[in-house]
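>>> Here's a sequence, model it:
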Amino acid sequence: MRPVYRDEPCRTALNRVRKMSFKWSLNPYMGCVHRCTFCFVRAFELLADRPSDARYGTSIRVKTNIVEVLRRELARKSWKREQVVVGTATDPYQPAEGHYRLTRRAISALGEARTPIGIITRGPLIVRDVDVLAEASRHAKVGVTFSIPTLDPEIWRRTEPGTAPPRQRLRAIRALIDAGIDASVGMAPILPGLSDDPAKMADVVRAARDAGATSVWTNVLYLRPGTREHFLENLARDWPDLLPLYERLYDRRAYVAKETLEPVRRKVRELADQHGLADRRRRPVKPPPEPATEQLPLTAFLQAPGVPPA
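Residues are numbered from 1 along each chain as shown. Model prediction:
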């Protein structure tokens, strides 16, 4: 089903975040055509009385005025230039960005305001914005995290149906690193019984190293109401033998127990040490070149569906 795009102007651009390592987030879009079965945003959609099931991702709300609102907020004397993370409740580089370019313009505004930027994405479309990312990084710290929980083609295809293949994301990391932009890998969420296999995790860490990623981190799936129902429905369809495992691990809880979580985190830390990624975290990324890096062609990076018409 082709997604529907709806203009939805916003009153505020920056969202206050609590109980996280950063204090502010920015989401140019709401809803996401990636339609990942495990997406935690489905839980918030349920709370807002919006579809969290298979209909999620078929309607994308576009904050058409977000850049203008953002510039006003950044100009306030009270703004302390604290880090802003882009893409906490949607992917800022989902295909809609190819048309609306809100993320690109927001990065420019944040850079001009000397505000540190973090970006979380699964979208190789980000390579188009190497120039504005490099420019912003001359004024404040810029870091990009690519979500790559697995390289397994079947797991990727069934759980991240609207995303670009993981190998394309790795090529995008290399392009960012070559342009002097800090890029890391988030192996999240790890799916018990599927992507928690040590060999599969090692594949991701090695690929992250080869792409030049500066670090890698991980977390295990959590299932809140809204996400839980949709994910388990898809699990029953694709891997029915795993249902008893998930019923046990997530019995009346959204998070796995520590005895399930910690071995996964420990293994990824060991793999990062083994493959030299831990050392990279302590090394500065080379500074961006002067002048701003020329925009890169997208043909080597993109096969993602759903760009809205111009």
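>>> in the stretch 51-200 of the chain, which spans are helices?
Taking DSSP state H, counting those that start in this stretch as the test, the helices found in the stretch 51-200 of the chain are 66-74, 97-100, 102-112, 130-137, 153-159, 166-178, 198-211.
>>> Would you mind telling me which of the ones you listed is nearest residue 191?
Set against residue 191 and scored by CB to CB, the helices of the stretch 51-200 of the chain come closest in helix 153-159, at 7.0 Å. The way it works is simple: take the backbone N, C-alpha and C, and place the C-beta from them, glycine included.
>>> Quick one: list the elements packing against that closest one.
In terms of contacts (3 or more CB pairs under 8 Å, 6 or more residues apart in numbering; DSSP states H and E), helix 153-159 is packed against helix 227-238.
>>> For burial, what's the neighbour tally of the residue lying closest to residue 46 once chain neighbours are set aside?
In this structure, residue 46 finds its nearest non-sequential neighbour in residue 226, 3.2 Å apart by CB to CB, 6 or more residues apart in numbering. For residue 226, the neighbour count with other CB atoms under 10 Å is 23.
>>> for this structure, longest strand please?
strand 182-190 (DSSP state E).
>>> list the helices and strands that strand packs on?
So strand 182-190, by 3+ CB pairs under 8 Å, 6+ apart, packs with strand 142-147, helix 166-178, helix 198-211, strand 216-220.
>>> Can you say which of the ones you listed is nearest to residue 188?
strand 216-220 (4.3 Å).
>>> quick one: average pLDDT of the longest strand of the chain?
The pLDDT scores in strand 182-190 average 97.
>>> if we can go back for a sec, got the helices and strands packed on strand 182-190 as TSV, with distance to residue 3 and mean neighbour count columns?
Putting the helices and strands packed on strand 182-190 into TSV (distance: least, CB to CB, whole Å; neighbours: other CB atoms under 10 Å) gives the following:
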stretch	distance to residue 3	mean neighbour count
strand 142-147	20	24
helix 166-178	20	21
helix 198-211	29	18
strand 216-220	28	21
